[in-house]
Each structure stands twice: as C-alpha cells, then as structure tokens.
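Enquirer: output the structure for:
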Amino acid sequence: MIDLEVLDTELKQGKIENKYAFVGLDEMLIKEYTTSIIDQVLDINFRELNLVKIDGMNTNFTAIMDACETMPFMAAKKVVLIYRANFLKDKADSASKSLFKEMQKYLKDIPEHCVLIMYYLFEDKRDRAEKSTNLKAIDKNCKVVKADKLRGEKFLRKVKSIFDEKGKNIEKVELKYFCDSIENNFNIIQSEIEKLICYVGEKEITLDDIKLLLPKKEDEDVFDLIEFISLKRPEKAIDLMNDLLFRGESITKILSLVEGQLNLLFKIKVGIDERKSKEVISREIRRPLFVVEKLIAQSRKFSYKSLQEGMKSCIETEKKLKSSTADKKTEMELLFLNLAIK
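Expert: Predicted coordinates for the structure are as follows:
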C-alpha cells in the first residue's frame, strides 16, 4: 500500500500502473488524484471515448470485464473508473462478496491497454486501509492507495492553492486559523472558501470574518455522536465521548450538545413535514447549507417518538449527573446505550 505522497511522486515521474484502488474519507481528494491519472493516460481529444465510468453499487463482474476488455478508440490506452466500489469493503452483502472474489482473480489479468481505477469511501474516521482484509488481499496485484487526510504544511499549501485558484489572497495568520477551524474534508473546504469569498467581496479576509462564518468544531463532534447512535453503534459513541473527554470537554457539555442535537433534528423533521426548503431551514437554524443537508439526512434516521424519548432520557441523565453519588461517565455510557435502542 502507498499513500498520496508516494503516488504524487510516481505521477510526477510518469509512472502509471494499470490497476489502482483508492480508499479514504475525502472523495474530493480521491477524485483529484484519479483525475490526474486520467489526464496523464488519455489524449484530451479522445477522452470521452476512452473513459468508462461505472457505479460500483449497480454493476456486475461481466459489465466490468467487458468495459476493461474492449479496445480503446484511436488510442493506446483506455480508463475504466469504478466509483462507489463498495464490493472492496470487508463488510458487504453476498452479491458484493461474490463480485469481490471475481475481481480479485481478474486483477491478475487486466489487459495492458486498460487502466482500472476503483475507489470507495470509509464510513468511519477510525477506519484504516491497513486493517482491511480485502485491501490486503488485492495489494499484490493492484496498487492500493491510502487517501489519508493531508496534514501540517501540506494541508496549508493545498487550502492556500484553492484560495489562489479563486483569485483571493489570504494571509498566513488567517490561513492557519481557517485550517485549524475547518473540518479536514475538501468538499466542505471548497464550500466554505466560496462562502467566505462571497461574504468579504473585495475586502481582505480577516479573522473576524472566518470566526463569523465557519461552523464550530463541536457541531461536527456531536453530529458524529448522534450518527453512531442512529447506526445502533453505541460503543463507537462511547469511544468518541472518551476522545472528547481526553481533549478536555466536560461530561455536562457533551450531554448538552447531545440534547441540543436531538432537539435540532426534531425541529428539522417538523420543517421537512411542513415542506420547507433546505434554504429556509438553513436560515432558521443558522447553519450553512451543506450542514443542513447532512442534518436532514440524519433526521430521517429517527422517528418523532425516538427523538422525544431521547430528549427525555437526556433530561433524566442530567438529573442523575447532579447527584453526588452518580458515576458521571457510567451514566453517559448508559444514555448512549439507551438512545441506540429507542
């Protein structure tokens, strides 16, 4: 397995393999590198004729093999891109497991005229390519690329390049604050940069502008907590709570965030039932549109009854936390277990 830094070096040297499997959390980052491979392999004049895109969630082995075996049109190479290649995941249904076994064998025989690129996205920030049995199984016959988040100076330079592409200057102090405050996801970063540029117009970007517009980090944390609960994975919610406690958050603050999130999801469900648009909901709850889209999706995983009972459970837990005899951490763990079964 290689990371993006190694891949970047290889691409600059013109070293192109004919089989790649990308995996990570940031789809925009993965798309950037797959596009770079495609640009190097295909002649722009025949790009559309020699680029086949396949939805990995709605395909079968025959369709993939036919796409790979078909000769390129007036060119030496063609590219077959399989996005949402969830059959590469360890945990999959029987159809995906069968497709993976067929693809595992076929990777040894991909024709030289074809460059096959596959990718799928992790569902959890704690997922690691090195822990995947399937990825380790194909690593001998396919270049597996860990699209890990950019860190440190690389992250700063990448974010700065987006501002530069949009013709907007941002000074070092403001750039560092922006990068420290934003979720490390380039789909979100692109959206927030565009919003920030539109807001400041011709003016210079200031720290006050960034503080005013960026969503708070705690919004992301509580979203993840509730997401784990919606997936019936309270152990993951407890792990995240422990991370937050290690970072200095208090038990009462975490409880307050959870209760507030459940209340917010309830309001959003009401708004949806009243046929309010995403834009209207965004203004009412004072959240960016991309955040509202995520919250709407999350709200659909709960019923009105489960949200109401969840808020009642938070109130009951708050009363217990005020008792001097209660083990606060244990009470929060019980709350997450209780919420997950509602």
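
Enquirer: using the three-state scheme, assign Leu81.
Expert: strand (DSSP: H, G, I helix; E, B strand; the rest coil).

Enquirer: quickly list what it is bridged to.
Expert: Beta-bridge pairing for Leu81 (DSSP bridges): Lys53, Ile117.

Enquirer: that one contacts Lys53, correct?
Expert: Yes - in this structure, Leu81 is within contact of Lys53 by Cβ atoms under 8 Å, at 5.0 Å. Bear in mind the C-beta positions are built from the backbone N, C-alpha and C, glycine included.

Enquirer: more neighbours, the two?
Expert: Neighbours were counted for Leu81 and for Lys53 using other Cβ atoms under 10 Å; Leu81 has more, 22 against 11.

Enquirer: contacts only, for that one.
Expert: Residues near Leu81 by Cβ atoms under 8 Å, 6 or more residues apart in numbering: 34, 38, 51-54, 117-118.

Enquirer: show me the strands in the protein, by range?
Expert: Secondary structure of the chain (DSSP state E): strands at 2-3, 19-24, 51-55, 78-83, 114-121, 143-147.

Enquirer: okay, now Glu227: neighbour count?
Expert: For Glu227, the neighbour count with other Cβ under 10 Å is 20.

Enquirer: show me where pLDDT drops low in the chain?
Expert: 215-218, 324 (pLDDT under 70).

Enquirer: outline the domain layout of it.
Expert: The chain breaks down into these domains under automatic domain parsing: 2-147, 152-213, 217-340.

Enquirer: separation between Phe178 and Gln298?
Expert: Applying Cβ to Cβ, to the nearest Å, the value for Phe178 to Gln298 is 26 Å.

Enquirer: of the two, who's got more company?
Expert: Under the criterion of other Cβ under 10 Å, the comparison of Phe178 against Gln298 puts Phe178 first, with 25 against 18.

Enquirer: adding distance to Ser282, write the strands of the chain out as CSV.
Expert: As requested, the strands of the chain are exported to CSV (distance: least, Cβ to Cβ, whole Å):
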stretch, distance to Ser282
strand 2-3, 36
strand 19-24, 28
strand 51-55, 29
strand 78-83, 28
strand 114-121, 25
strand 143-147, 30
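
Enquirer: name the nearest residue to Leu150, ignoring sequence neighbours.
Expert: Spatial nearest neighbour of Leu150, chain neighbours left out: Lys158 (5.5 Å); criterion: Cβ to Cβ, 6 or more residues apart in numbering.

Enquirer: and stretch 333-342, how far out from the chain middle?
Expert: Mean-position distance between stretch 333-342 and its chain equals 25 Å (Cα atoms, centre = their mean, to the nearest Å).

Enquirer: and stretch 155-165, by the same measure?
Expert: Stretch 155-165 sits 19 Å away from the centroid of its parent chain (Cα atoms, centre = their mean).

Enquirer: cool, and stretch 320-329?
Expert: How far stretch 320-329 lies from its chain's middle: 36 Å, per Cα atoms, centre = their mean.

Enquirer: just the CA coordinates of it, formatted as PDB?
Expert: Extracted in PDB, the C-alpha atoms of stretch 320-329 (Å, rounded to 0.1, in the frame of the first residue of the first chain):
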ATOM      1  CA  LYS A 320     -28.600  11.900  37.800                       C
ATOM      2  CA  LEU A 321     -25.300  13.800  36.900                       C
ATOM      3  CA  LYS A 322     -26.200  16.400  39.500                       C
ATOM      4  CA  SER A 323     -26.300  13.700  42.200                       C
ATOM      5  CA  SER A 324     -23.100  13.500  44.100                       C
ATOM      6  CA  THR A 325     -23.300   9.700  44.200                       C
ATOM      7  CA  ALA A 326     -23.600   9.100  40.400                       C
ATOM      8  CA  ASP A 327     -20.700   8.000  38.300                       C
ATOM      9  CA  LYS A 328     -21.000  10.600  35.500                       C
ATOM     10  CA  LYS A 329     -19.100   8.600  32.900                       C
END
